[in-house]
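J.: Make a model of this:
(one chain, ligands or ions: 1)
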Amino acid sequence: MDDFPPYPAGLRLAGREVVVVGGGHVAQRRVPALLAVGALVTVVSPVVTPALEGLVGGGEVRWVRRRFESGDLDGAWYVIAATDDHAANELVGAAAEERRIFCVRSDDATQASAWTPAVGRHAGVTVAVLANREPRRSAAVRDEILEGLREGTIVARHQRDRPSGVVLVGGGPGDPDLMSVAGRKALMEADVVVADRLAPRELLSELPSDVELVDVAKLPRGRSAQQEEINRIIVARALEGKCVVRFKGGDNFVFGRGYEEVLACREAGVPVTVIPGLTSPVAVPAVAGIPITHRGVAHEFTVVSGHLPPGHPESLVNWSAVAGMSGTVVLMMAVHNAPAIAAALIDGGRPDSTPVAIVCDGTMPTERTVVSSLGSLKEDMVAQEVRAPAIIVVGEVVRVAHPRHFS
Ligand code: SAH
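T.: Prediction:
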């Protein structure tokens, strides 16, 4: 008999009588779980713990204040033998067996007709683990499963609850651990994922195999044609009834064209929601050890796109105003135009000794920081072969982080 594994079943005990024999700590642990599923609980024991007595006082539990008699099991569906007396548990087990009532034994599982699994619940899912009568192991397995469900590394798809539509998910600066729990969950529940080059790509390998992955880096080039194609894909898939995740690096609304996608969805009547991401101009300096504000050093930080050089007819940036401020300037998409931007900032009044840090591949295994100054930025970037993606931090906060470089 011992060689067989247990047959798992979910007992629906609501409104059904359950007898717990014993009033000590085992009973105290089991009774609340029984009450939580609606069981009608009777405790049979001459004495009970204060906690159990409280439940009795509150009318939630019936207490038969004496030693066990086999007639106590009449009408019961399930029995827990939880006294600290082996002979008494034996008696309960025998009486249960005779009546064909499943019985858990706290003293000797090999003699029991039922075992209590390690139990946990998450979002409507009950996890119950039986690990060959090793309670620590079953608790550990249960904890792992619950953590996986919470973090989204285990996908519990519930198609019915998940409406079709588009979710814009910000993936953070690159390290998959820096993505939000909500974002991860949405990603794992998606039918279609439309992913950018800078999105944390390691996470894509974890997607279930039936998920359609659209890699934007492989779409035909040309910025506006590409964006139109993305808009078309996300809208079309959502209209097919699918749950679409638009997955980008950082935050979708920070130089991510996210709102164009929102507008495209709205126009097509497709529901669209947003899960923000940790944006790189904030996260990358932080991980590299550079504070973008520091008490007594910078009272503001300005994030500027450097994809167009100063003076470009389409530029919306007032570079002389940026130069005129005294706080931190964080430049994105600026590797190509950095020398022209440095010149514009110096022209606008920033000293050419102003410290600059360039953080390449922030939060990724290849991350590195090049420390420079506005005056020598051009040469240093060439000498250090700086490549995108990079965050360029301009201002005295860089000196705070790298004092020795400037002494
Ligand atoms: N939506 C993104 C930004 C997209 S624009 C966000 O919120 O972070 C692309 C620019 O972001 C790059 O040119 C670079 O300046 C910056 N960037 C994004 N991820 C980066 C990283 N891991 N390291 C350095 N710079 C990064």
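J.: Let me know the distance separating Ile145 from Arg121.
T.: With the distance defined as C-beta to C-beta, to the nearest Å, Ile145 ends up 11 Å from Arg121. Where C-beta positions appear, they are placed from N, C-alpha and C, glycine not excepted.
J.: Tell me which of those two has more neighbours.
T.: Set side by side, Ile145 and Arg121 show more neighbours around Ile145, with 19 against 12, by other C-beta atoms under 10 Å.
J.: Could I get the buried residue list for the helix or strand encompassing the more buried one?
T.: Element membership of Ile145 [criterion: DSSP states H and E] is helix 135-151. With burial defined by 16 or more other C-beta atoms under 10 Å, the residues of helix 135-151 counted as buried are Ser138, Ala139, Val141, Arg142, Ile145, Leu146, Gly148, Leu149.
J.: Contacts for it, please.
T.: Identification of contacts with helix 135-151 by C-beta atoms under 8 Å, 6 or more residues apart in numbering yields 117-120, 122-123, 125, 127-131, 153-154, 156, 181, 184-185.
J.: The residues you listed in helices, which ones?
T.: Using DSSP state H, Val181, Arg184, Lys185 are the members of the contacts of helix 135-151 that sit in helices.
J.: quick one: pLDDT of the closest residue to the first one other than its chain neighbours?
T.: This points to Val181. The shortest distance from Val181 to any residue other than its chain neighbours is 6.2 Å, reached at Glu151 (C-beta to C-beta, 6 or more residues apart in numbering). If you check Glu151, the pLDDT there is 77.
J.: and if you look at Glu147?
T.: Residue-level confidence at Glu147 comes out at 89, pLDDT.
J.: Among the contacts of helix 135-151, which ones are in strands?
T.: Cross-referencing these against strands under DSSP state E gives Ala118, Val119, Gly120, His122, Val125, Val127, Ala128, Val129.
J.: do the helix or strand just after the helix holding Ile145 and the ligand meet at all?
T.: The first helix or strand that comes after helix 135-151 along the chain, using DSSP H and E, is strand 165-170. No: judged by C-beta under 6 Å from any ligand atom, strand 165-170 stays clear of the ligand, getting no closer than 6.7 Å.
J.: Can you name the residues in contact with strand 165-170?
T.: Defining contact as C-beta under 8 Å, 6+ apart, one finds that strand 165-170 is touched by 179-180, 183, 186-187, 190, 234-235, 238, 243-252, 256, 258, 261-262, 265, 270-279.
J.: Following the chain onward from the one helix or strand Val370 maps to, which element is next?
T.: Using DSSP H and E, Val370 sits within strand 368-373. Later in the chain than strand 368-373, the nearest helix or strand by DSSP H and E is helix 377-383.
J.: Please tell me how far the residue of the chain found nearest the ligand sits from Gly277.
T.: Across the chain, no residue is closer to the ligand than Gly250, which sits at 1.9 Å (C-beta to the nearest ligand atom). Here the distance between Gly250 and Gly277 works out to 5 Å (C-beta to C-beta).
J.: Give me the common contacts of those two.
T.: Residues touching both Gly250 and Gly277 by C-beta under 8 Å, 6+ apart: Gly170, Gly171, Gly172.
J.: Most neighbours among those, which one?
T.: Using other C-beta under 10 Å as the contact criterion, the top neighbour count among the shared contacts of Gly250 and Gly277 goes to Gly171, which has 31 neighbours.
J.: Please give me every residue in contact with it.
T.: Taking C-beta under 8 Å, 6+ apart, we find Gly171 in contact with Met179, Gly183, Leu198, Ala199, Pro200, Leu203, Phe247, Lys248, Gly249, Gly250, Gly277.
J.: In contact with the nearest residue to Ala114 once chain neighbours are set aside: list those residues for me.
T.: What sits nearest to Ala114 in space, not counting adjacent residues and going by C-beta to C-beta, 6+ apart, is Phe102, at 4.1 Å. Phe102 is in contact with Tyr78, Val79, Ala96, Ser113, Ala114, counting by C-beta under 8 Å, 6+ apart.
J.: Let's see which of those end up in strands.
T.: Tyr78, Val79.
J.: Is stretch 221-236 in proximity to the ligand?
T.: No: using C-beta under 6 Å from any ligand atom, stretch 221-236 never reaches the ligand; the gap is at least 12.0 Å.
J.: Residues contacting that stretch, please?
T.: 166, 192, 194, 214, 216, 219-220, 244, 246, 257, 260-261, 264-265, 268, 270.
J.: what two of those have the greatest distance between them?
T.: Pro220 and Val270 (23.2 Å; C-beta to C-beta).
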